[in-house]
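> Sequence below, structure please.
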Amino acid sequence: MTHVQKGLAEFIGTFWLVFGGCGSAVIAAAFPEVGIGLLGVSLAFGLTVLTMAYAIGHISGCHLNPAVTLGLWAGGRFEARDIPLYIFAQVAGGIVAALLLYYVVSGNAAYDLAVDGLAANGFGEASPGGYDVVSAFTMEILLTGIFLWIIMGSTDGRAPAGFAPLAIGLGLTLIHLISIPVTNTSVNPARSTGPALVESGLALEQLWLFWLAPVIGALAGGWLYRTIGADLVARPNIDGD
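Residues are numbered from 1 along each chain as shown. Model prediction:
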């Protein structure tokens, strides 16, 4: 695949993740009569990744996330020279999705950006459950690291073939079920950037955490899987065979 094809695939895939995931959250929040709740929003994020993994996995690898791209590089699965292209495409896709989502929901007079927001991530007063910066930082590092572990493990050549999109999509669903009350769930700087730019204010001020923590977690997760995986391959079994 050419660089243009890969970049466009990452743009479209990340657009779908932000529009589909954040869209479900915004509509549920702004229009409670058709609300889908915590489980519905969690499933929406997981389904965006699952569907795009089948749609563009063979084109770009379906990263949809700057932290995933960096984590796969740390895990020895991705070339450093392609990192800028992927991150640019992912962030652009997230921003365009947030802008289009805002345009759509603004067509209803009941929607108020200042009140209903655009599913931005946050901590402290911006946390859905009132969790502080330490809790948010810890959660984002831990869950992004686990997410990389799931990605690298399910796409390992030794794993059962054909099931990686299911494992990754369901893994992201579980991550959202755990952490929406804490940070509204990021584990993805591109997902966080689009809504924060549209909402501005506090969401934009707190955006640094949703770049720093996921990147730290992803780098740690990718490196750890690479290290443990390599040891498992090289180490003989207990019988010495």
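> Buried residues of the longest helix seen in the chain, list them for me.
Looking across the chain with DSSP state H, the single longest helix is helix 3-30. Within helix 3-30, the residues that qualify as buried by neighbour count (16 or more other CB atoms under 10 Å) are 6-30. In short, each C-beta sits where N, CA and C put it, glycine included.
> Could you do stretch 93-107 as well?
93-98, 101-102, 105.
> next one: stretch 43-63
Residues of stretch 43-63 classed as buried: 43-53, 56-57, 59-63 (neighbour count, 16+ other CB under 10 Å).
> so where do the helices sit in the chain?
3-30, 37-60, 66-74, 83-105, 113-116, 133-154, 164-183, 189-199, 201-205, 209-234.
> Let's check: the centremost residue of this structure is which one?
Nearest residue to the geometric centre of the chain (CA atoms, centre = their mean): Asn188, 3.7 Å.
> Show the backbone phi and psi for the nearest residue to that residue once chain neighbours are set aside.
In space, and not counting its chain neighbours, Asn188 is closest to Asn65: 4.3 Å by CB to CB, 6 or more residues apart in numbering. Dihedral pair for Asn65: phi -170, psi 120, per degrees, to the nearest 10.
> now the helix-or-strand element of the chain with minimal mean pLDDT: how far from the chain's centre is it?
Across the helices and strands of the chain, mean confidence by mean pLDDT, DSSP states H and E is lowest for helix 209-234: a mean of 86. Relative to its parent chain, helix 209-234 has a centroid offset of 16 Å by CA atoms, centre = their mean, to the nearest Å.
> Please work out the angle formed by the directions of that helix and helix 66-74.
30 degrees (axes from the mean of the first three to the mean of the last three CA atoms, to 10 degrees).
> Of all the residues in helix 209-234, which ones are buried?
Buried, per 16+ other CB under 10 Å, within helix 209-234: 209-211, 213-226, 229.
> how much does it deviate in direction from helix 164-183?
Using the same axes, to 10 degrees: helix 209-234 against helix 164-183 is 140 degrees.
> on contacts alone, who are the packing partners of helix 209-234?
helix 66-74, helix 133-154, helix 189-199 (3 or more CB pairs under 8 Å, 6 or more residues apart in numbering; DSSP states H and E).
> can you give me the offset of the first one from its chain's centre?
In terms of CA atoms, centre = their mean, the gap separating the centre of helix 66-74 from the centre of its chain is 12 Å.
> How about stretch 4-17?
Centroid separation for stretch 4-17 versus its chain: 14 Å, with CA atoms, centre = their mean.
> what's the distance between Phe137 and Leu212?
Look at Phe137 and Leu212: by CB to CB, to the nearest Å, they are 8 Å apart.
> Now Gly40. Nearest residue, chain neighbours left out?
Distances taken as CB to CB, 6+ apart place Ser24 nearest to Gly40, at 6.2 Å, with adjacent residues excluded.
> do you know how far the one you found is from Leu43?
8 Å.
> ditto for Tyr225
Counting by CB to CB - Tyr225 and Leu43 are separated by 26 Å.
> Any stretches of the chain with poor pLDDT?
Along the chain, segments meeting pLDDT under 70 span 29-35, 230-241.
> how about stretch 148-158: buried residues?
For stretch 148-158, burial by neighbour count (16+ other CB under 10 Å) applies to 148-155.
> any chance of those residues in a markdown table, plus distance to Met1?
A markdown table is the format used below for these (distance: CB to CB, whole Å):
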| residue | distance to Met1 |
| --- | --- |
| Leu148 | 23 |
| Trp149 | 26 |
| Ile150 | 24 |
| Ile151 | 19 |
| Met152 | 21 |
| Gly153 | 24 |
| Ser154 | 21 |
| Thr155 | 17 |
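> Cool, thanks, talk later.
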